[in-house]
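Asker: Sequence first, then the predicted structure:
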Amino acid sequence: MKKVILTLTLVLSCLMVFTGMAGCNRSIKETIRVGTSAVTRPHTFMDNDELTGYDIEVIRELATRIPGAELEFVYGNMTELQELLRTDRIDIIVNNVAKNAARLEEFIFSENGYVFNETFLVVNGNDTRTTLDQFEGAIMGGTDPGNWFYRMLDEYNQENGEPFAEIRSYENYDALFMDIDLGRIDGTVNDSPIVAFSAEAMNLNIKYVGEVLDAEFSFFMMQNSDKGRDLKAKIDKALGEAISDGKLLEISMEWFGRDMTHER
């Protein structure tokens, strides 16, 4: 009799264990480590010590569409973020990232872009120059060399006989834009929403001028690995849904007051 009771107890214990494991499986969480700069208004920045911005709210929306997804944010400049992604210390970069040849050789991107940006020359509000060829001998500025806008200036300089006296590197856009406002440097290139938001938030006398220098979608960037491709499939599905049901457009209207989700 004791042997029968003991056997039944073991069976019930095993059932409880397996049932518990099944229950745990249903609630398994997937932590997605998100790399971002947190210094680029209106895409990713700190507001009263809380991370926010268009890009951040988009990835948070997509996370609600990926079963079990939880986001963990890691901060750094673009050079640092790429190294973190390369060494598997983050899973995705969400930082107004454009595609370029170097990145395409090493990383993979979401199938769809989530914001369409136009890049302009940026100068002091009192400056009358509107084209890069008017800046011979000028001091230009950009953030770290891993940043797309810095690379644009550097490539222009190399392709045109190095007309700029210097391309000065800054830690963030706030310091860069402040030096343009104060006349310490001559200009930079950047996307129009970043310039407009920063000028208003910091009360700076800066403006974007001239013709569009570049027009590109921004994408989510991931590892070119099995793990990265698995995450890409989830991001692509969630982003496709957000585009189809109008949620991406809604977030764009909240942040920009216009549709920034389509090519213009």
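Answerer: Cool, got the structure. Just so we're clear, the structure is a prediction, and the values are computed from it rather than from any experiment. Numbers count the residues shown, from 1 in each chain.
Asker: Please count neighbours and contacts with C-alpha atoms only from this point.
Answerer: Noted.
Asker: I'd like the next helix or strand past the strand or helix carrying Leu104.
Answerer: Applying DSSP states H and E as the criterion places Leu104 in helix 101-106. Later in the chain than helix 101-106, the nearest helix or strand by DSSP H and E is strand 107-109.
Asker: So which residues lie in contact with the helix holding Leu104, not counting its own?
Answerer: Outside of helix 101-106, the residues within contact range by Cα atoms under 8 Å, 6 or more residues apart in numbering are Gln223, Asn224.
Asker: Could you do stretch 156-167 as well?
Answerer: Stretch 156-167 is contacted by residues Phe135, Glu136, Gly137, Ala138, Ile139, Met140, Gly141, Gly142, Leu153, Asp154 when judged by Cα under 8 Å, 6+ apart.
Asker: Ok, stretch 252-264 next?
Answerer: Contact with stretch 252-264 is made by Pro42, Gly53, Tyr54, Gly113, Tyr114, Val115, Phe116, Asn117, Pro193, Phe217, Leu248, Leu249, as judged by Cα under 8 Å, 6+ apart.
Asker: okay, how far is it across it, tip to tip?
Answerer: Taking Cα to Cα, to the nearest Å, the first and last residues of stretch 252-264 lie 14 Å apart.
Asker: How far away from the center of its chain is that stretch?
Answerer: Offset of stretch 252-264 from its chain centre (Cα atoms, centre = their mean, to the nearest Å): 16 Å.
Asker: on that earlier part again, which one of the contacts of stretch 156-167 is nearest to Leu204?
Answerer: Gly141 (16.2 Å; Cα to Cα).
Asker: Who does the closest one form a beta bridge with?
Answerer: Counting by DSSP bridges, Gly141 is bridged to Arg168.
Asker: list the contacts for it?
Answerer: Contacts of Gly141 by Cα under 8 Å, 6+ apart are Tyr150, Glu166, Ile167, Arg168, Ser169, Tyr170, Leu176, Ile185, Asp186, Gly187, Thr188.
Asker: pretty sure the fourth one is touching Met140, no?
Answerer: So that's Arg168. Yes. Arg168 lies in contact with Met140 (Cα atoms under 8 Å); the separation is 6.1 Å.
Asker: who's more crowded, those two?
Answerer: Legend: neighbour count by other Cα atoms under 10 Å for Arg168 and Met140, higher for Met140 (25 against 16).
Asker: My guess is that one contacts Ile185. True?
Answerer: Yes. Between Met140 and Ile185 there is a contact under Cα under 8 Å: 5.9 Å.
Asker: How far does stretch 56-63 sit from its chain's centre?
Answerer: Distance, stretch centre to chain centre, for stretch 56-63: 11 Å (Cα atoms, centre = their mean).
Asker: ignore the last one, stretch 80-96
Answerer: Using Cα atoms, centre = their mean, the offset of stretch 80-96 from its chain centre is 10 Å.
Asker: From Tyr75, how far out is Met46?
Answerer: Taken as Cα to Cα, the span from Met46 to Tyr75 is 11 Å.
Asker: Identify the contacts common to those two.
Answerer: Ala38.
Asker: returning to what we had before: relative to Ile108, which of the contacts of Gly141 is nearest.
Answerer: In terms of Cα to Cα, no member of those lies closer to Ile108 than Tyr150, at 21.5 Å.
Asker: where's the closest one, which helix or strand?
Answerer: Tyr150 belongs to helix 148-159, assigned by DSSP H and E.
Asker: tell me which residues in that helix are buried?
Answerer: Neighbour-count burial for helix 148-159, counted by 16 or more other Cα atoms under 10 Å, picks out Trp148, Phe149, Tyr150, Met152, Leu153, Asp154, Tyr156, Asn157.
Asker: Report pLDDT for the last one.
Answerer: In this model, Asn157 is scored at 97, pLDDT.
Asker: do the same with the fifth one
Answerer: Predicted confidence (pLDDT) at Leu153: the value is 97.
Asker: Hmm, Ser169 and it touching each other?
Answerer: No. Using Cα under 8 Å, Leu153 is not in contact with Ser169; the gap is 11.3 Å.
Asker: Tell me where the stretch 51-200 of the chain has strands.
Answerer: For the stretch 51-200 of the chain, applying DSSP state E, counting those that start in this stretch gives strands covering 69-75, 92-97, 107-109, 115-124, 139-142, 166-169, 187-191.
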